[in-house]
Structures are given as structure tokens and as C-alpha cells.
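**Q** structure, please.
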Amino acid sequence: MTARPRRSLVLAASAAAAAALGGCLSVPEGVAPMCHSNNDCDRSHGEVCEEGVCWGNPPPGPYAAVVSPPSSRQDLVAREIPQLAIPDIGWIGDLTLEPPVLLSGKLVAFCPSPLAACDPTPLAGTVTVSRPPQFRGGPGFKATLNVAAGGSFAMPVRRTQTGDDPYTVTIVPDATRQVMGRSAAEIVPPRRMQVPVSDNLAIQSIGLGGADLLTISGTLRDSSGAGLANYRVSAFGHWDPTEPVVEVSTVSYTDANGAYSVTLSDDLTGTVELVGRPVPATSTGAPPTAASVHVGGLDLTRSLTRDLVLPGNLGKPATLSLQIQGLDDTGNIVPVSAAQVSLTGTLTDSLTSFTVSDTEVADASGQVTLKRLDGDGLAASYRLSVTPPASSNLGGVIFDQKLSTFTTLPMVRLPPRLALRGKLFYGDQPLANATITARPSLRFLWALDATAQVFVASIPPATTNTPTAGGDFLLRVDPSIAQTWGYYDLVIEPAAGTRAPSFVLSEFPIPRNLALDPVTITYPVPDPDPSRPAGIHLPDAAFIHGRVAGPDGKSVEGAELRVYEVSTQLTLCSEVAHAPASCPIPAALQARSTTDADGTVRLALPR
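**A** The predicted structure is shown next:
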């Protein structure tokens, strides 16, 4: 067989991006094609030559996909493909989009009985429609829209078919506080319901609230017994224990006597937490410096009365001024601007806690002033967290560190970040204009407790681009958080004009030492071709293509296809301390692209 050119040869693509960035893989005029005939391709693995490209010989998978219409095609709806078959020749055939059905309704307050003389009050709110993914770790379906008072909604969704999960409709009443009267969130609680949608639904009234819903009521007072007004009180809990807590009650604002009363949604599970937060006395005022109240573990078997009294040792409003500092590349101490700084103090009494927190952003000189209470009850509990800008070379994050450990206050020195260096190659040639992003891997996140996970997930990921002249890159990451050494996924996205596939170098471990010397990344390890220059060599690409059509068989231009590799290895969840019980390992996005005028979509999968 005639020897084919190296598959990893870098060639400029015509009008669009390759691999996960999407686009056409046709070869522009003046650039040598990969092949002229099938003999130039790997026929032993089924490859065929078309458009100057060797198509086929895909990696084994398993694969799933999501195909979505362009936003201009309201007559079509996205669909999931739980099992995407990719033949050896790389042609995945026609992927057919479907017409939507409409999930419709309007929001009203509950009427006691359909037979009673009742004029339902129209309500405003947010409607979120979701459905679990049809393949493990997939994105699923989720769409949100706002509904004005008296208005209706009609959301296009894919028709529910045999074996499909129903849609989950979550309605959150408008929480905007009115100058006169009350908001919808003060009248009725949120509601969640399961809805199969097999055909267009006529607009129906969806009642919020109910006569038999549980309530939590009581008073909120200071240590002298005086009522505390202008506290926003609500309950947080779960409809689904695998999901994060959300607000699941009406909103109540305490009056001059500190009285409040909230109504819970139905179908809740577990317990709820009652939360009262101070709010401005006027809509234009700043929140007062005062403690928030959290009461956890409240059961859902009966209505409750819970009177709350703030301790007398919380203190009076005060401030704390700090300067955030770091070290530049020459070792000089410099201020860190735009760092997000949070201060939190908590006094706990049984199931009730009293918390003061403030978050501010450092100015150009690194200065930040935080609001706090100065009482003895909180003094020893104050903790500081700092998040510098993404990819900052002046230092890394500080997480939940006691103020008493900072011996140089009011100066706060950020710890050093670790430099990750490397050089990208594709086909033994430096890969220019690629984007590299370092994000915490699941192994890192799930080694942390829930609070630390939320913090780490909020850190802006470090990202950079390789220069036009070559594939060199430098990223700075936080080596450890909460005494836990990090693992990072390096997400590599080649620029438009190259056949290189997108690639994720998973779970790169941070060296477990305190020297924090710069680390040079190589891949693969060991390199099967030691004669190649050291660096990250992107894997070979497998090219696949197909066609997206509507129900009438006509091609759809501008549709998007996303191809995922579904994880079959779930051992990670038994290897880390804080993995969710459901072990939701996301399917790995391998490639994405949009269709051309003929409805054809072309993608490159990493091997």
C-alpha cells in the first residue's frame, strides 16, 4: 500500500475552526491535501479519501451526541443521541432534528376550590424546564424564561417519547420587593412538578400555594428583646436530595416587632434551613452591618413556631482595612488589584448560627475595606478568603484562613502560585495560537469538602494562548487548597486553521513538595518516539462527518453537533473523600462543529 502522509501533518483549514472549535475541514486552494485516493489512507482500518481528507478509523468510544438547530429555526428542537455509531469510514449519516411541542401555562395564586367563587391572582415569576440527560454525564436539557404578571409562557421542548423522563418544571415567584403591596415571592412559595409533554399543551393556569402547606413563623429579636425589622426570612431545602439547596418557601420581611411567617413548598425532602438576612430599610439603601441567622435541621412533618434571639456579644458595626500584596517575577512586593476579598465570622449555638460576612474588591493600590461586627462572640471566628484575578503572577488564593494567623495585618501576602510550562506540538511542529486552560479536575474537587468545593469552583481558571511563533505556554495555578494538593485538567483548543483536535490532558498532578519550582509538562509519558522534541504532543486526529436534516429531509445550515465520550470508569468516586453519591462524572466533550450550507458537519476526534 502506498505510504500515506503523516496524519498529524498541520494544514490550514479554510473558513472555520477544527475539532472542538468547530468548522469545515476542506482544504483551501494552494495547500496540499492529506490524500488523493483511498490508497493514501489507512485502508486496513476502513479509512476513505474524500475532499482531500482521510475520513474514519475513529477511536473506540463509546460516544453520544447532542445536535441543536440554529437559533433562527424555531420550528426545530435539539435532540440527544445516547449512542452515536461511527462507522470505520467516518460517515455518521443523517442526524434528523424534530419539530417541538409547546409546554404552556400562566401563573396564578392558588384558589381554595375550583367550585368556589375565586378570581385567581395573576403572578410573575421564573419558569425553568429541565430534563435529565439521556446519556450518562450528558448536559441534559434546561431552559429558563421570565413570565410577567398576567402573562403566559409557551416553551418549545422535544416531545416526550416512550422511556423518556418527564420534564421538571420549577416555578420561582418574582422576589422583587414592591414599594406598595407585596411581591409574588411574599404571597406564594416556589413549586416543582413533573410534566410529560407528548403534544402541544393548551395554556393552563398553574396554581402556586395551597391551603395545606406547612408554615414556619415566629419573631426575631435582639438580646434586649426588641424586635428586629427588615430581615428577609426564607427557608432553604431540597425537592431532590442530589441537588444543591435552593429557596423553597415564601419570603417574609420582619415587621417592627420582628414577626415573620413563611410558607413552605410541597414535595420537599429531608429538612430545611431557616435563613434571615438583614436588608436595607429602603430599596436604594446599603445592607446594614448585622448578623444573618441560620437555623438548620427543621423537620417537614408539621408547621413550626421558632422565636430567635440574637446574642448580646456580636458587637457593633466596624471596619477592617487591608492591603493585598504579592511578589512579582523579580521578587518585589507589589499590591494586587482587583482581588476579591471575603471576611466571614460565625457564632454557633446548637443548630442556630449567627454569621457576619462581607465581600469587596481591592482597588488599584490593593486596598480593601471590609465591614464586620466587633463583638467578642465573633472575634476569634473571623476567616479571610482572597481570590486574585485569573492567571495572576503575583500570588494565589487564600481560603478560609483565620485572621489570627496573619501576623502582618493589615498587610496580607498572597501565597505563590505554581508555574506550569510547556510547548505544544502537532505533527512534530509547534502549535501556534492554541488556547490552553487549566481547570481543577474532579479528583481535586471531590477530595475537598462541600465548602471548599464551592470556593475552588469559583476561582477563575488560568488560561493563555500559544504565540504565533511557536507553541510555548506558561500557566500559573494554585498548588494546593485546604491542605489538599491539586490535580488539573489542561484543556487544549487549537485555533482555526489547523487540523489538530481539541484535547484534554486529564488529572495532571501537582508535584507534592513545598519548593514550588516551575514544572515542565510533557505528554505522552513515556514518549513512544524519543527523537521528538520534548513537549505536549497532541494525539492523532480521526476525521468524521455527517449531515443534519429537518423532519422534511432538507439540510439544515448552521446546526451544531457536539460529540461526547461517555465515561465507563467510575472508580474515581471510591478513591476520593467527598464524591457525590450519584457519582456524576461528566461525559467528555470531544469535538463540536456547525453545518455548512449543505447541512454537512465535519469534526476531528482526538485518538
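**Q** from now on I want contacts and neighbour counts done on CA atoms only, so please keep to that.
**A** OK.
**Q** so what's the residue count around the closest residue to residue 214 other than its chain neighbours?
**A** What sits nearest to residue 214 in space, not counting adjacent residues and going by CA to CA, 6 or more residues apart in numbering, is residue 303, at 4.9 Å. Residue 303 has 15 neighbours, counted by other CA atoms under 10 Å.
**Q** how far away is residue 303 from residue 251?
**A** 16 Å (CA to CA, to the nearest Å).
**Q** and what of residue 463?
**A** On the measure of CA to CA, residue 463 and residue 251 end up 41 Å apart.
**Q** of these two, who's got more company?
**A** residue 251 (27 against 20).
**Q** just the pLDDT at that one, thanks.
**A** pLDDT for residue 251: 96.
**Q** do residue 4 as well
**A** At residue 4, pLDDT is 34.
**Q** likewise for residue 288?
**A** pLDDT, read off for residue 288, is 88.
**Q** hang on, it packs against residue 278?
**A** Yes. Between residue 288 and residue 278 there is a contact at 6.5 Å, judged by CA atoms under 8 Å.
**Q** neighbour count winner among those two?
**A** Between residue 288 and residue 278, counted using other CA under 10 Å, the more crowded position is residue 278 (20 against 14).
**Q** ok, now how distant is that one from residue 347?
**A** 16 Å.
**Q** now do residue 366
**A** Residue 366 is 29 Å from residue 347, by CA to CA.
**Q** and if you look at residue 264?
**A** 27 Å.
**Q** do the same with residue 532
**A** Plainly put, residue 532 is 60 Å away from residue 347 if you go by CA to CA.
**Q** do residue 461 as well
**A** 33 Å.
**Q** dead centre of the chain: give me the residue that sits there.
**A** Computing the C-alpha centroid of the chain and ranking residues by CA atoms, centre = their mean puts residue 457 first, at 8.2 Å.
**Q** that residue belongs to a strand?
**A** No. Using DSSP: H, G, I helix; E, B strand; the rest coil, the secondary structure at residue 457 is helix, not a strand.
**Q** tell me the contacts of it?
**A** 440, 445 (CA atoms under 8 Å, 6 or more residues apart in numbering).
**Q** same check on residue 66?
**A** 78-81, 561-563.
**Q** and if we set it to 7 Å?
**A** 79-81, 561-563 (CA atoms under 7 Å, 6 or more residues apart in numbering).
**Q** now it: closest residue in space that isn't a chain neighbour?
**A** Closest residue in space to residue 66, ignoring its immediate chain neighbours: residue 80 at 4.5 Å, by CA to CA, 6+ apart.
**Q** again, but for residue 465
**A** In space, and not counting its chain neighbours, residue 465 is closest to residue 435: 4.5 Å by CA to CA, 6+ apart.
**Q** pretty sure that neighbour is touching residue 502, no?
**A** No. Residue 435 lies out of contact with residue 502 (CA atoms under 7 Å); the separation is 9.8 Å.
**Q** between the two, who's got more neighbours?
**A** Remark: of residue 435 and residue 502, residue 502 carries more neighbours, 27 against 18, as counted by other CA under 10 Å.
**Q** what pLDDT does the model give the more buried one?
**A** 94.
**Q** neighbour count: residue 461 and residue 347, which is higher?
**A** Between residue 461 and residue 347, residue 347 has the larger neighbour count (other CA under 10 Å), namely 21 against 18.
**Q** so the more buried one is in contact with residue 375, correct?
**A** No. Taking contacts as CA under 7 Å, residue 347 lies outside contact range of residue 375: 10.5 Å.
**Q** rewinding a little: from residue 213, how far out is the residue nearest to residue 214?
**A** On the measure of CA to CA, residue 303 and residue 213 end up 8 Å apart.
**Q** now swap in residue 380 and tell me
**A** 41 Å.
**Q** ok, now residue 484?
**A** Separation of residue 484 from residue 213 (CA to CA): 44 Å.
**Q** and stretch 83-96, what's buried?
**A** Residues of stretch 83-96 classed as buried by neighbour count (16 or more other CA atoms under 10 Å): 83-86, 88-92, 94-96.
**Q** any chance of CSV for these, columns secondary structure, pLDDT and distance to residue 371?
**A** Listed next are the buried residues of stretch 83-96 as CSV, based on DSSP: H, G, I helix; E, B strand; the rest coil; pLDDT from 0 to 100; distance: CA to CA, whole Å:
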residue, secondary structure, pLDDT, distance to residue 371
83, coil, 96, 54
84, coil, 97, 55
85, coil, 95, 58
86, coil, 97, 59
88, coil, 96, 64
89, coil, 96, 64
90, coil, 97, 61
91, strand, 97, 61
92, strand, 97, 59
94, strand, 96, 60
95, strand, 97, 57
96, strand, 97, 57
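**Q** picking up where we left off before, how about the residue nearest to residue 66, phi and psi?
**A** phi -100, psi 150 (degrees, to the nearest 10).
**Q** can you list the buried residues in stretch 181-198?
**A** 183-192, 197-198.
**Q** repeat that for stretch 269-276.
**A** So stretch 269-276, judged by 16+ other CA under 10 Å, has buried residues 272-276.
**Q** show me the shaky parts of the stretch 201-350 of the chain.
**A** For the stretch 201-350 of the chain, applying pLDDT under 70 flags the ranges 282-284.
**Q** now do the strands in it.
**A** Applying DSSP state E, counting those that start in this stretch to the stretch 201-350 of the chain gives strands spanning 205-208, 215-221, 231-238, 246-247, 252-253, 259-263, 269-278, 292-298, 304-305, 308-309, 317-327, 333-335, 340-349.
**Q** in JSON lines: those strands, plus distance to residue 515.
**A** Output for those, formatted as JSON lines (distance: least, CA to CA, whole Å):
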{"stretch": "strand 205-208", "distance to residue 515": "59"}
{"stretch": "strand 215-221", "distance to residue 515": "52"}
{"stretch": "strand 231-238", "distance to residue 515": "44"}
{"stretch": "strand 246-247", "distance to residue 515": "42"}
{"stretch": "strand 252-253", "distance to residue 515": "53"}
{"stretch": "strand 259-263", "distance to residue 515": "54"}
{"stretch": "strand 269-278", "distance to residue 515": "44"}
{"stretch": "strand 292-298", "distance to residue 515": "41"}
{"stretch": "strand 304-305", "distance to residue 515": "56"}
{"stretch": "strand 308-309", "distance to residue 515": "50"}
{"stretch": "strand 317-327", "distance to residue 515": "16"}
{"stretch": "strand 333-335", "distance to residue 515": "19"}
{"stretch": "strand 340-349", "distance to residue 515": "26"}
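**Q** what's around the nearest residue to residue 211 once chain neighbours are set aside, how many residues?
**A** The shortest distance from residue 211 to any non-neighbouring residue, by CA to CA, 6+ apart, is to residue 112 (6.8 Å). Counted with other CA under 10 Å, the neighbours of residue 112 add up to 13.
**Q** ok so residue 112 is a strand residue?
**A** No. Under three-state DSSP, residue 112 sits outside any strand and is assigned coil.
**Q** what's near enough to touch the nearest residue to residue 550 once chain neighbours are set aside?
**A** Closest residue to residue 550 apart from its sequence neighbours, by CA to CA, 6+ apart: residue 97 at 5.0 Å. The contact partners of residue 97, taken as CA under 7 Å, 6+ apart, are 76-79, 549-551.
**Q** ditto for residue 167
**A** Contact partners of residue 167, counting by CA under 7 Å, 6+ apart, are 129-131, 194-196.
**Q** mind doing that once more with 6 Å?
**A** 130-131, 194-196 (CA atoms under 6 Å, 6 or more residues apart in numbering).
**Q** tell me which of those is nearest to residue 339?
**A** residue 130 (35.2 Å; CA to CA).
**Q** what are the contacting residues of the helix or strand harbouring that closest one?
**A** If you go by DSSP states H and E, residue 130 is part of strand 125-131. By CA under 6 Å, 6+ apart, the surrounding residues in contact with strand 125-131 are 140-147, 167-174.
**Q** hey, what's in contact with both of residue 435 and residue 502?
**A** Counting by CA under 6 Å, 6+ apart, the residues touching both residue 435 and residue 502 are 492-493.
**Q** the stretch 51-200 of the chain: strands as residue ranges?
**A** Using DSSP E, counting those that start in this stretch, strands in the stretch 51-200 of the chain cover 53-55, 63-68, 79-81, 91-96, 101-109, 125-131, 141-147, 152-157, 167-173, 191-195.
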